[in-house]
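Asker: no sequence on this one, just coordinates:
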């Protein structure tokens with residue numbers, strides 16, 4: 001059974017099992033224009049419902065799970081997430097005085113998200129865009145978030161400058177940056193002996209820059225004084241490779257790599273190792289210590 005047939009069959013199966021609940025299939029636009037199929041199972045009289053994406057469940061089906069088993073798994077997940085949605089609904093984010101401490105920002109690609117940017121507040125940054133999201137910290141919903149749209153700013157009665165200032169303070173406080181040598185990271189993952197046997201001690205130093213959760217971590221590029229602090233640690237200018245929306249790789253400018261070579265590396269990694277919706281950019285940035293600026 002191909003994927004399109006699966007979506008129709010699972011939709012029909014869910015409608016049979018869901019009773020009086022309303023089952024609807026949606027096309028959801030994610031980051032970088034990625035379109036995913038999702039279902040919602042709406043209780044009678046309810047205004048919101050969990051969004052459940054079908055791609056993962058198709059993988060379960062392809063690996064031997066029956067259509068009936070997939071249906072039950074989706075219904076179980078929906079029941080679990082329904083509790084989360086009720087908590088989310090009770091957050092009362094309509095009041096900006098209460099919402100403002102939950103507003104954070106992230107970086108996405110500008111060109112790949114032109115359609116999305118028509119509907120959300122944003123600030124251009126290099127070839128990227130700074131966009132905003134509401135982050136919940138309750139125990140059940142820790143880390144859950146939704147993207148802030150223009151309609152939210154209208155409801156809140158706030159301007160772009162105000163939401164940026166709040167997000168600028170909140171994001172660095174809630175998601176502190178981390179800066180770690182790639183050698184150290186590989187040692188942690190593989191062990192000292194394995195690391196040395198692979199000859200990594202001879203490689204050009206590279207560093208991982210992200211946040212403590214490693215989630216939307218490329219936004220640390222916007223944090224106050226982080227890039228200048230790193231330049232003082234490295235005692236040189238450096239390249240910034242946008243490895244995904246979650247992290248960046250920093251390469252000291254010692255003359256070993258040209259920007260063109262690094263951009264070829266980034267493009268290859270984006271095409272072979274990064275899922276489409278997590279690609280940040282194919283370009284490489286450069287931090288100039290004298291200018292205290294990140295440039296294309």
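Answerer: Nice, thanks for sending it over. Everything numeric in this text was worked out from a predicted model, so none of it was measured. Numbering: from 1, shown residues only.
Asker: gap between the closest residue in space to residue 220 that isn't next to it in sequence and residue 73?
Answerer: Spatially, and ignoring its direct neighbours in sequence, residue 220 is nearest to residue 177 (4.0 Å; Cβ to Cβ, 6 or more residues apart in numbering). C-betas here are computed from N, CA, C, even on glycine. Residue 177 is 38 Å from residue 73, where distance means Cβ to Cβ, to the nearest Å.
Asker: repeat for residue 3
Answerer: 17 Å.
Asker: residue 6 too?
Answerer: 14 Å.
Asker: neighbour count winner among these two?
Answerer: residue 6 (18 against 15; other Cβ atoms under 10 Å).
Asker: residues contacting that one?
Answerer: Each residue near residue 6 by Cβ atoms under 8 Å, 6 or more residues apart in numbering is listed here: 54, 58, 61.
Asker: that one in helix, strand or coil?
Answerer: helix (DSSP: H, G, I helix; E, B strand; the rest coil).
Asker: which pLDDT does the model give it?
Answerer: We have a pLDDT of 94 for residue 6.
Asker: show me what residue 24 is bridged to.
Answerer: residue 40 (DSSP bridges).
Asker: that one contacts residue 51, correct?
Answerer: No: counting by Cβ atoms under 8 Å, residue 24 does not reach residue 51; the two are 10.3 Å apart.
Asker: residues in contact with both of these two, list them for me.
Answerer: With Cβ under 8 Å, 6+ apart, residue 24 and residue 51 have common neighbours 39, 40.
Asker: would you indicate which residues of the helix or strand hosting residue 10 are buried?
Answerer: Following DSSP states H and E, one finds residue 10 within helix 3-17. Residues of helix 3-17 classed as buried under the neighbour-count rule (16 or more other Cβ atoms under 10 Å) are 6, 7, 10, 11, 13, 14, 15.
Asker: ok, stretch 159-177 next?
Answerer: 163, 164, 166, 167, 168, 170, 171, 172, 175, 177.
Asker: ok, now stretch 262-274?
Answerer: Applying 16+ other Cβ under 10 Å to stretch 262-274 flags 262, 263, 265, 266, 269, 270, 274 as buried.
Asker: between the residues you listed, which sits nearest residue 135?
Answerer: Of all the buried residues of stretch 262-274, residue 135 sits closest to residue 274, with 23.2 Å by Cβ to Cβ.
Asker: mind listing the strands for the stretch 51-200 of the chain?
Answerer: Secondary structure of the stretch 51-200 of the chain (DSSP state E, counting those that start in this stretch): strands located at 52-53, 103-109, 122-125, 128-135, 145-147, 177-181.
Asker: what segments of the stretch 101-250 of the chain are helices?
Answerer: Secondary structure of the stretch 101-250 of the chain (DSSP state H, counting those that start in this stretch): helices located at 114-117, 150-156, 160-174, 182-190, 192-197, 226-234.
Asker: export the ones you listed as CSV, with columns for distance to residue 77.
Answerer: Below are the helices of the stretch 101-250 of the chain laid out as CSV (distance: least, Cβ to Cβ, whole Å):
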stretch, distance to residue 77
helix 114-117, 26
helix 150-156, 27
helix 160-174, 27
helix 182-190, 31
helix 192-197, 38
helix 226-234, 38
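Asker: in JSON lines: the ones you listed, plus mean pLDDT and distance to residue 65.
Answerer: Rendered in JSON lines, the data for the helices of the stretch 101-250 of the chain read as follows (pLDDT from 0 to 100; distance: least, Cβ to Cβ, whole Å):
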{"stretch": "helix 114-117", "mean pLDDT": "94", "distance to residue 65": "33"}
{"stretch": "helix 150-156", "mean pLDDT": "92", "distance to residue 65": "38"}
{"stretch": "helix 160-174", "mean pLDDT": "96", "distance to residue 65": "38"}
{"stretch": "helix 182-190", "mean pLDDT": "58", "distance to residue 65": "31"}
{"stretch": "helix 192-197", "mean pLDDT": "45", "distance to residue 65": "36"}
{"stretch": "helix 226-234", "mean pLDDT": "95", "distance to residue 65": "45"}
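Asker: most tightly surrounded among the ones you listed?
Answerer: Highest mean neighbour count among those (mean count of other Cβ atoms under 10 Å): helix 160-174, with a mean of 17.
Asker: now for it, which elements pack on it?
Answerer: In terms of contacts (3 or more Cβ pairs under 8 Å, 6 or more residues apart in numbering; DSSP states H and E), helix 160-174 is packed against strand 103-109, strand 128-135.
Asker: and those strands: which comes nearest residue 232?
Answerer: That would be strand 103-109 among the helices and strands packed on helix 160-174, by Cβ to Cβ, at 23.4 Å.
Asker: touching that closest one from outside, list them.
Answerer: 31-32, 116, 125, 127-135, 145, 148, 163-164, 166-168, 170-171, 174-175, 216, 218-219, 221-222, 245, 279-281.
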